[in-house]
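this one's structure only:
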């Protein structure tokens, strides 16, 4: 079965996807949201790739170096064996900051015999919009295009450059390397220097992973997911990406294809909350600074998403010349959803601000700015919470009074009140508490449908929506409240399909949804666990983990029938929810172990 069988490598500046056969099939340089250098993922004919080709006698296997972002692809025919270590360099510089150049290194490690391989080196710059020509120079291979705009990329290698470019057979008897860089190197690389880059990068990731606490259960899954989330963070500004890809379809052959190489306030805030729970303070600090930098005016409304370099305009266009993943057109760059109104983002952001103040209250250097943002958010929520919006799922047609949006308006007030107490700004409490209670009563009056015995998708509707499962985790309602139990049960009846969840089942702008949204299944598992159905939750969780790809990675969606991964990949949303579930199970397991030892 076709699947998203890719590994991700990256250095918090850009990322690349490498197939289980060892081919680089997606990479944008110099940054995540730059135009692509390799895009076979979106067009098998013209997209461009960098492949290591061996004959049929070789078996190819792939794994990550434990607790790192180094991807190892092993080629073996029993006698002749070699490995390719793929990574993007990242490590601490002696004078502070990180060394994260826009380049990919492929370190070829000779293990035994005299293995033979060929290389298909086929960069297609600027989304393959025009011709890319490669020229063999004295020290490197330069590839360039004049199509839409001038662009270049450079290949350095220890192997014969003519043999590489012409795809001739190479016999391996020692280690070697390929280095693809966006910039021409001032100091020429060598196998020894490249090996050192690899070791430094390995140590960086081992040190980073070591800060993640060890858990009794699902420790490997938590660590792999944490590294994946880190790979989706953009060092320069603190932005966190939803995914490093564009236009991987929610359903093959349909048009639900979006560019996810941006920072959604909702997704990023949820990621930061989970990552800081794991002890990675810097990701949280940088993200908070990203938000502070985005809100210069006190009355400026927050957009739902921004470019990773704080761009506010993300004009959507289509690349008609690309055939799309498995023929799923259109391929889009930019995202028109940036202009949508979604009232939930204020609550999500306030939740993160409150969490960070709780964790780092003694060493938060931007407390005054955060208090100004808090007051601004309350002001905006007080003016707009009664208005309809597009909701968490970004319906592109009519606005509605979505329950999730209303609950998050309540969260905004609840967390703002808690922040006011931290800063001892007690004069705000009475007014804010009154508004918080008003919103809460409004939700109970209008979002609860007694006929369905559940909180529904929007005021006055009978449709169910997986997002309302988050009411409990945001503290709006206790897990054992009959209303919440009723909601979980109704959602299980209506939205669960063989243990996988629909986001909702009513028609949206593109018809009926036909794939499962991965994060919703994690939310459902968490909710089952919270209402006391722990064994059932664990069974569902283990089943869901089995649908990951060969490296434990998840995309945005899963096909109900075939269980293949769909949608942009790897998806931050899916991995943050995996971590939340796994931590809950692990904490329970740890508590039980402690109790048993006391008996």
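Done, it's in. Computed from a prediction, not measured in an experiment: that's the story for all the values here.

shaky segments in this protein?
Confidence mapping of the chain against pLDDT under 70 gives the ranges 1, 296-300, 361-365, 396, 507-512, 588-599.

do I have it right that residue 158 meets residue 173?
No. Counting by C-beta atoms under 8 Å, residue 158 sits too far from residue 173 to count as a contact (11.9 Å). C-beta: built from backbone N, CA, C; applies to glycine.

ok, these two, which is more surrounded?
Regarding residue 158 and residue 173, a neighbour count based on other C-beta atoms under 10 Å identifies residue 158 as having more, with 18 against 9.

how many neighbours does the closest residue to that one other than its chain neighbours have?
Nearest non-adjacent residue to residue 158, counting by C-beta to C-beta, 6 or more residues apart in numbering: residue 176, 4.0 Å away. Counted with other C-beta under 10 Å, the neighbours of residue 176 add up to 18.

give the contact list for residue 176.
Counting by C-beta atoms under 8 Å, 6 or more residues apart in numbering, residue 176 makes contact with 108, 110, 157, 158, 159, 191.

for beta bridges, what are the partners of the first one?
I take that to be residue 108. Following DSSP bridges, residue 108 is listed with bridge partners residue 84, residue 176.

where's the closest residue to residue 234 other than its chain neighbours, which helix or strand?
In space, and not counting its chain neighbours, residue 234 is closest to residue 308: 4.6 Å by C-beta to C-beta, 6+ apart. For residue 308, there is no enclosing helix or strand under DSSP states H and E.

for residue 308, phi and psi?
phi -70, psi -20 (degrees, to the nearest 10).

and it, what does it touch?
31, 32, 33, 234, 236, 237, 239, 241, 261, 262, 263.

hang on, the fourth one packs against residue 12?
Yes. Residue 234 is within contact range of residue 12, at 6.3 Å (criterion: C-beta under 8 Å).

and those two? Which one has more around it.
More crowded of residue 234 and residue 12, by other C-beta under 10 Å: residue 234, with 25 against 20.

how about that one, what does it touch?
Taking C-beta under 8 Å, 6+ apart, one finds 12, 13, 31, 32, 240, 241, 263, 308 in contact with residue 234.

those in helices, which ones?
The members of the contacts of residue 234 all map outside helices under DSSP state H.

any of these buried? List them.
12, 13, 31, 32, 240, 241, 263, 308 (16 or more other C-beta atoms under 10 Å).

between those residues, which is closest to residue 392?
residue 263 (16.1 Å; C-beta to C-beta).

look at the nearest residue to residue 73 once chain neighbours are set aside and give its secondary structure.
Counting by C-beta to C-beta, 6+ apart, residue 73 lies nearest to residue 22, which is 3.9 Å off, once chain neighbours are set aside. In three-state terms, and counting by DSSP: H, G, I helix; E, B strand; the rest coil, residue 22 is coil.

before we move on, back to that, widest-spaced pair of the contacts of residue 176?
Every pair of these checked by C-beta to C-beta; the farthest is 110 and 157, at 14.9 Å.

out of the contacts of residue 308, the closest to residue 397 would be?
When the contacts of residue 308 are compared against residue 397 (criterion: C-beta to C-beta), the nearest one is residue 262, at 21.8 Å.

could you find the closest non-adjacent residue to residue 337?
Residue 337 sits nearest to residue 394 (C-beta to C-beta, 6+ apart), 4.9 Å away.

show me the contact partners of stretch 128-138.
36, 39, 43, 46-48, 121, 123-125, 141-148, 155, 161-162, 165, 319, 321-322.

so how far is residue 187 from the nearest residue to residue 235 once chain neighbours are set aside?
Excluding its sequence neighbours, the residue lying closest to residue 235 (C-beta to C-beta, 6+ apart) is residue 12, at 4.2 Å. Distance of residue 12 to residue 187, given as C-beta to C-beta, to the nearest Å: 23 Å.

ok, residue 181 next?
On the measure of C-beta to C-beta, residue 181 and residue 187 end up 12 Å apart.

cool, and residue 380?
Taken as C-beta to C-beta, the span from residue 380 to residue 187 is 51 Å.

more neighbours, those two?
Between residue 380 and residue 187, residue 380 has the larger neighbour count (other C-beta under 10 Å), namely 19 against 6.

doesn't that one lie inside a helix?
Yes. Counting by three-state DSSP, residue 380 is part of a helix.

having no further points to raise, I will conclude here.
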